[in-house]
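Chemist: give me a model of this one.
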Amino acid sequence: MTGLMVRERETLEKYIPGLLAYLDEAPLAQLEARDSNAVDKFREFGGTGLVVPAELGGLGAPAIDAVRAQRAIGSRSPSLGAGTTMHHLSLASLTEFARGATEDDRGATEDDRALIKGLVEQKAIVASGFSEGVTGGSVFIPTMTAVKKGDNYIVNGSKKPCSLARSMDLLTCSVEIDSGDRAVALIPASLPGISVKPFWTTDILAGAQSEEVVLDDVEVPASLVLPNKDDDPDGVHEMTGYLWFGMLISANYIGAATSLLERMIEQDKGDHEGYVRAAAELETSMAAIENVARAFDEGERGQDISVRLLFNRIAIRDALVRSSSAAIESLGGIGFIKSPEIAYVAAALHAFAFHPPSRRSISETLARFHAGDEFAFVK
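Modeler: Okay, here's the model as predicted:
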């Protein structure tokens, strides 16, 4: 079968049946609104376990299928795609930690397995408090602190913006523990001391629920605070989480831009050259992400694949601008005037450049890697 995004739509329907029909029927403005129920539908149709291995109760989608499904979601609701990317990042990171990073490859303990299986069974929404919206900031340096007190850690700090803030059942975040090391904390959203404050004031991508999550003396059981030094001494699991993030967030915005191609096909103005210019940017971008996803599925991890993905992301930013510009020009001024959805998608695409790490913060690191230095997110 040939056609635009047929494979991606079939993949989404295979893993999360029913979601595509809902997204096709709901108006874009409704899906992207601050009070959108798209996240609830994502939960209802069983999407929460997409990237969790089948042996841990999940759907077991490999990376290649996950990015295809995410492109389909992004073509209908970039807000849902952005928000669920953070959910998948969180669960993928938890799965990596659960599988263990020890030399004897111990795999997940029974408690580890029970935690992840429980989250999948409950269709829990997991928010990510790893990356910060700080210009030039690191994706891993925590803004939250955790001080040991008896059998608990007392966690303080905030995450802004934090996608899925209003729907989350669990918050995963990077914290600085009192030893000075970093740790990953798993914090139930129902614990006392957690509050959500308005932060995202623009209507663009408001459906991702990206607000401020504040933690004020939140007591978290020590068993839910995983020191990186013990559980991820080489930072491999943390880097693997960001491979998932980079692949999925890229596919989401490629999907959003693809919705403009669909409009071009529907209107059929005969501007085949304009269509091909716009489509070529997106198809080559998606091919680049799929190439990384295949390598990931074959077991590649670490510096080389992380660098390749980051270079791809930087190139895709410019490709999205070129593609959307060609598509909007072809759709014409009347189309732009009469369809606010065109302007909305164009604005939403620019948000791709704001996801960490910023081009400014990572450029020197990437250049030095090609010159022979080791690669690391944290300077």
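
Chemist: where does the stretch 1-150 of the chain dip in pLDDT?
Modeler: The stretch 1-150 of the chain contains residues with pLDDT under 70 at 1-2, 98-109, 131-141.

Chemist: one more time with 50
Modeler: Applying pLDDT under 50 to the stretch 1-150 of the chain flags residues 1, 101-107, 133-138.

Chemist: what about the strands in it?
Modeler: With strands called from DSSP state E, counting those that start in this stretch, the stretch 1-150 of the chain shows them at 126-129, 144-149.

Chemist: again, but for the stretch 201-350 of the chain
Modeler: For the stretch 201-350 of the chain, applying DSSP E, counting those that start in this stretch gives strands covering 211-221, 225-227.

Chemist: would you turn those into CSV with mean pLDDT?
Modeler: Below are those laid out as CSV (pLDDT from 0 to 100):
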stretch, mean pLDDT
strand 211-221, 96
strand 225-227, 85
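
Chemist: need the ones you listed in a markdown table (columns: distance to residue 24 and mean neighbour count).
Modeler: Just so you know, the C-beta spots here come from the backbone N, C-alpha and C atoms, and that holds for glycine as well. Shown next, in a markdown table, are those (distance: least, Cβ to Cβ, whole Å; neighbours: other Cβ atoms under 10 Å):
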| stretch | distance to residue 24 | mean neighbour count |
| --- | --- | --- |
| strand 211-221 | 28 | 19 |
| strand 225-227 | 40 | 20 |
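
Chemist: to residue 249, which of those lies closest?
Modeler: Closest approach to residue 249 among the strands of the stretch 201-350 of the chain is made by strand 211-221 (18.7 Å; Cβ to Cβ).

Chemist: my guess is residue 51 meets residue 87, correct?
Modeler: No: between residue 51 and residue 87 there is no contact under Cβ atoms under 8 Å: 9.3 Å.

Chemist: who has more neighbours, these two?
Modeler: Shown here are residue 51 and residue 87; by other Cβ atoms under 10 Å, residue 87 has more neighbours (28 against 23).

Chemist: in CSV: the strands of the stretch 201-350 of the chain, plus distance to residue 12.
Modeler: Formatted as CSV, the strands of the stretch 201-350 of the chain follow (distance: least, Cβ to Cβ, whole Å):
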stretch, distance to residue 12
strand 211-221, 27
strand 225-227, 32
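
Chemist: ranking the strands of the stretch 1-150 of the chain by burial, who's on top?
Modeler: Highest mean neighbour count among the strands of the stretch 1-150 of the chain (mean count of other Cβ atoms under 10 Å): strand 126-129, with a mean of 26.

Chemist: which residues touch that strand?
Modeler: For strand 126-129, contacts defined as Cβ atoms under 8 Å, 6 or more residues apart in numbering pick out 48, 86-87, 89-91, 94, 119, 144, 159, 162-165, 167-174, 189, 213.

Chemist: just the CA trace of it, in CSV.
Modeler: Taking C-alpha atoms only, strand 126-129 is exported to CSV below (Å, rounded to 0.1, in the frame of the first residue of the first chain):
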residue,chain,number,x,y,z
VAL,A,126,3.8,9.6,34.2
ALA,A,127,5.1,13.1,34.0
SER,A,128,8.8,13.9,33.5
GLY,A,129,10.7,16.4,35.6
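
Chemist: who does that strand pair up with?
Modeler: strand 170-177 (parallel) (DSSP bridges).

Chemist: can you give me the helices in the stretch 1-150 of the chain?
Modeler: Secondary structure of the stretch 1-150 of the chain (DSSP state H, counting those that start in this stretch): helices at 6-15, 19-25, 28-32, 38-44, 63-76, 78-99, 110-121.

Chemist: quick one, which of those gets closest to residue 241.
Modeler: Nearest to residue 241, of all the helices of the stretch 1-150 of the chain, is helix 78-99, at 3.6 Å by Cβ to Cβ.

Chemist: so residue 167: helix, strand or coil?
Modeler: coil (DSSP: H, G, I helix; E, B strand; the rest coil).

Chemist: residues contacting it?
Modeler: With contact taken as Cβ under 8 Å, 6+ apart, residue 167 is in contact with 39, 40, 43, 125, 127, 209.

Chemist: count the neighbours of residue 143 for me.
Modeler: If you count neighbours by other Cβ under 10 Å, residue 143 ends up with 17.

Chemist: for the record, mean pLDDT for the longest helix anywhere in the chain?
Modeler: The longest helix of the chain (DSSP state H) is helix 303-338. For helix 303-338, mean pLDDT is 93.

Chemist: from the chain's centroid, how far away is that helix?
Modeler: Relative to its chain's centre, helix 303-338 lies at 18 Å (Cα atoms, centre = their mean, to the nearest Å).

Chemist: by contact count, what packs against that helix?
Modeler: In terms of contacts (3 or more Cβ pairs under 8 Å, 6 or more residues apart in numbering; DSSP states H and E), helix 303-338 is packed against helix 236-267, helix 272-297, helix 340-350, helix 359-370.

Chemist: okay if I get those helices as JSON lines plus distance to residue 203 and mean neighbour count?
Modeler: JSON lines is the format used below for these (distance: least, Cβ to Cβ, whole Å; neighbours: other Cβ under 10 Å):
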{"stretch": "helix 236-267", "distance to residue 203": "15", "mean neighbour count": "23"}
{"stretch": "helix 272-297", "distance to residue 203": "25", "mean neighbour count": "18"}
{"stretch": "helix 340-350", "distance to residue 203": "8", "mean neighbour count": "18"}
{"stretch": "helix 359-370", "distance to residue 203": "26", "mean neighbour count": "14"}
